[in-house]
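Asker: When you get a sec, could you give me coordinates for this:
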Amino acid sequence: MRRWLWSCCWVSAITAIGGLVYETRRLAELAGHFEAQARLARQAAQSSARAEPVANAPAAEAVDTAQAATVARLEAALASSQQQLQAMAQALESRKAEIAKAAAEAEAQAQRAQAPMPEGVRLCLQALHECLRVEGYTGQRFLSARSLDGEGLHDVELIEVDADGLGAAFLHAGRMTAELDRGKGRFVLTFFDGFRTAAGERQKLLPDGWPLVFAPVDGRLIEQRLPYLVRVVGVYPDPDAAPDRRLTDVDPMTRRQWLERLDRLLDTASTPHHLRVNRFRGMHDGYFLTAEVVGTDDRFRLVASAHCEKLAVEVDQAAGIVSLLLKSGVLRSGGVESTITAEGFRMLLGNVTPKQASDTMFGMVVSK
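Answerer: As a prediction, the model looks like this:
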């Protein structure tokens with residue numbers, strides 16, 4: 001927690017104590033008023049009893065009865081006010097103790113937040129950064145974590161930068177786990193007990209956690225560098241073979257350059273959703289291989305995603321249109337999952353001409 005939380009606790013404490021003090025003072029004044037009225041009523045009753053002659057005994061007795069009733073009512077009101085005053089005083093003391101405890105906890109949390117990261121945790125985050133960068137994932141940056149144990153990393157803070165570099169999401173979690181699927185080459189970081197802030201909107205993490213999925217990855221590298229953090233499942237296709245590398249695979253630097261070109265093209269296109277190619281593995285014959293495409297709304301919320309074996313920028317010179325062509329995969333939109341066949345699924349890129357597409361992609365396009 002930050003200093004602002006500690007300041008907020010003190011502001012709320014002062015406000016609550018002020019309210020209780022005001023109410024206690026009001027009850028004390030009320031009790032004093034009732035006590036004064038009761039005293040005056042008793043004095044009036046005594047004076048009346050001495051002044052009344054014996055001849056008016058019945059009338060004096062009636063007056064005494066009325067005055068006695070008034071005294072009893074005032075004494076009852078006084079007793080009730082005193083009880084309320086005592087209860088308010090007890091509540092005030094209890095509230096002061098609660099606020100003092102909360103302030104002490106906030107101060108302790110602020111001091112822990114300012115303390116430097118343990119060296120072991122810092123080395124863990126450094127190794128995690130290096131593994132992601134080697135695989136070409138550069139948009140994630142861990143800011144801090146407090147501890148590391150068998151349950152994962154605790155009190156984790158992460159910034160996720162958008163692919164275009166113009167936006168970012170902040171994620172704070174009480175705990176983060178890491179799981180590696182050896183067979184699928186998939187690395188998943190799951191965040192629990194916290195919140196995620198993006199585009200000015202703060203969302204609480206679901207009980208099942210918020211997953212960040214990285215695929216494909218070199219599982220052996222991650223397992224070797226982060227044995228104390230990663231939980232592994234499955235087996236490698238061939239335990240004795242070298243990591244699966246294809247002739248069509250590209251290095252991280254080349255991958256980033258082509259993703260930037262795709263970003264520039266999609267930024268100029270008119271589409272129902274803001275499209276972004278998140279990642280791909282290789283390139284062959286004008287196609288990007290093993291690619292992922294996501295669509296977000298104007299508040300940067302995910303509304304559609306697609307995973308396909310082949311993706312290309314397709315130009316139709318005769319019609320003068322450009323499309324994003326996806327082949328052999330899965331499309332998820334509006335909670336519905338559909339299959340992308342080998343025939344292909346096209347996403348029209350409005351406001352983009354074939355020449356613009358070819359120039360932006362350095363000729364890396366396919367013709368219809």
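
Asker: wouldn't Tyr137 be in contact with Ala215 here?
Answerer: No - assessed by Cβ atoms under 8 Å, Tyr137 is found out of contact with Ala215, at 10.1 Å. Every C-beta, even on glycine, is put in place using the N, C-alpha and C of the backbone.

Asker: what about these two, which has more around it?
Answerer: For Tyr137 versus Ala215, neighbours defined as other Cβ atoms under 10 Å are more numerous around Tyr137 (19 against 16).

Asker: Using PDB, list the CA coordinates for stretch 308-328.
Answerer: Presented in PDB, the C-alpha positions along stretch 308-328 are these (Å, rounded to 0.1, in the frame of the first residue of the first chain):
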ATOM      1  CA  CYS A 308      -4.800 -19.700 -36.800                       C
ATOM      2  CA  GLU A 309      -2.100 -21.600 -38.500                       C
ATOM      3  CA  LYS A 310      -1.700 -19.100 -41.300                       C
ATOM      4  CA  LEU A 311      -2.400 -15.300 -41.600                       C
ATOM      5  CA  ALA A 312      -1.800 -12.900 -44.500                       C
ATOM      6  CA  VAL A 313      -2.600  -9.500 -45.800                       C
ATOM      7  CA  GLU A 314      -4.700 -10.200 -48.900                       C
ATOM      8  CA  VAL A 315      -5.100  -7.600 -51.700                       C
ATOM      9  CA  ASP A 316      -7.700  -7.700 -54.400                       C
ATOM     10  CA  GLN A 317      -6.400  -5.500 -57.100                       C
ATOM     11  CA  ALA A 318      -9.600  -5.800 -59.300                       C
ATOM     12  CA  ALA A 319     -11.900  -4.800 -56.400                       C
ATOM     13  CA  GLY A 320      -9.400  -2.400 -54.800                       C
ATOM     14  CA  ILE A 321      -9.900  -3.900 -51.300                       C
ATOM     15  CA  VAL A 322      -7.600  -5.300 -48.600                       C
ATOM     16  CA  SER A 323      -8.400  -8.000 -46.100                       C
ATOM     17  CA  LEU A 324      -6.800  -9.900 -43.300                       C
ATOM     18  CA  LEU A 325      -6.900 -13.600 -44.300                       C
ATOM     19  CA  LEU A 326      -6.900 -16.300 -41.600                       C
ATOM     20  CA  LYS A 327      -6.700 -20.000 -42.300                       C
ATOM     21  CA  SER A 328      -7.100 -23.100 -40.200                       C
END
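
Asker: Relative to Thr177, how far out is Arg332?
Answerer: 24 Å (Cβ to Cβ, to the nearest Å).

Asker: and if you look at Cys308?
Answerer: 29 Å.

Asker: And Ile340, by the same measure?
Answerer: 31 Å.

Asker: next one: Pro207
Answerer: 14 Å.

Asker: next one: Val277
Answerer: For Val277, the distance to Thr177 - Cβ to Cβ - is 28 Å.

Asker: Return every residue with contacts to both of Pro207 and Thr177.
Answerer: Phe192 (Cβ atoms under 8 Å, 6 or more residues apart in numbering).

Asker: Comparing the two, which shows the higher neighbour count?
Answerer: Here Pro207 and Thr177 are set side by side on neighbour count (other Cβ under 10 Å), and the busier one is Thr177, at 18 against 7.

Asker: gap between the residue nearest to that one when sequence neighbours are not counted and Val188?
Answerer: The shortest distance from Thr177 to any non-neighbouring residue, by Cβ to Cβ, 6 or more residues apart in numbering, is to Gly152 (4.1 Å). Going from Gly152 to Val188 by Cβ to Cβ gives 12 Å.

Asker: Over to Arg133?
Answerer: From Arg133 to Val188 the distance is 18 Å (Cβ to Cβ).

Asker: which one of those two has more residues nearby?
Answerer: Val188 (17 against 12).

Asker: my guess is that one meets Phe214, correct?
Answerer: Yes - with contacts counted by Cβ under 8 Å, Val188 reaches Phe214, the gap being 7.5 Å.

Asker: where does the stretch 151-300 of the chain dip in pLDDT?
Answerer: 163-166, 238-245 (pLDDT under 70).

Asker: Strands of that one, residue ranges please.
Answerer: Taking DSSP state E, counting those that start in this stretch to define them, one finds strands in the stretch 151-300 of the chain at 152-161, 168-181, 186-198, 201-204, 210-214, 230-233, 274-279, 282-284, 287-296.

Asker: out of those, deepest packed?
Answerer: strand 287-296 (a mean of 20; mean count of other Cβ atoms under 10 Å).

Asker: Direction included, what does the helix or strand following it pair against?
Answerer: Moving toward the C-terminus from strand 287-296, the next helix or strand (DSSP states H and E) is strand 302-316. According to DSSP bridges, strand 302-316 forms sheet pairs with strand 287-296 (antiparallel), strand 321-333 (antiparallel), strand 366-367 (parallel).

Asker: Which one of the ones you listed lies nearest to Val352?
Answerer: If you check each of the strands paired with strand 302-316 against Val352 by Cβ to Cβ, strand 321-333 wins as the nearest, at 4.5 Å.

Asker: related to what we said a few turns ago, make a markdown table out of the strands paired with strand 302-316 and add distance to Pro118.
Answerer: As requested, the strands paired with strand 302-316 are exported to a markdown table (distance: least, Cβ to Cβ, whole Å):
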| stretch | distance to Pro118 |
| --- | --- |
| strand 287-296 | 35 |
| strand 321-333 | 40 |
| strand 366-367 | 52 |
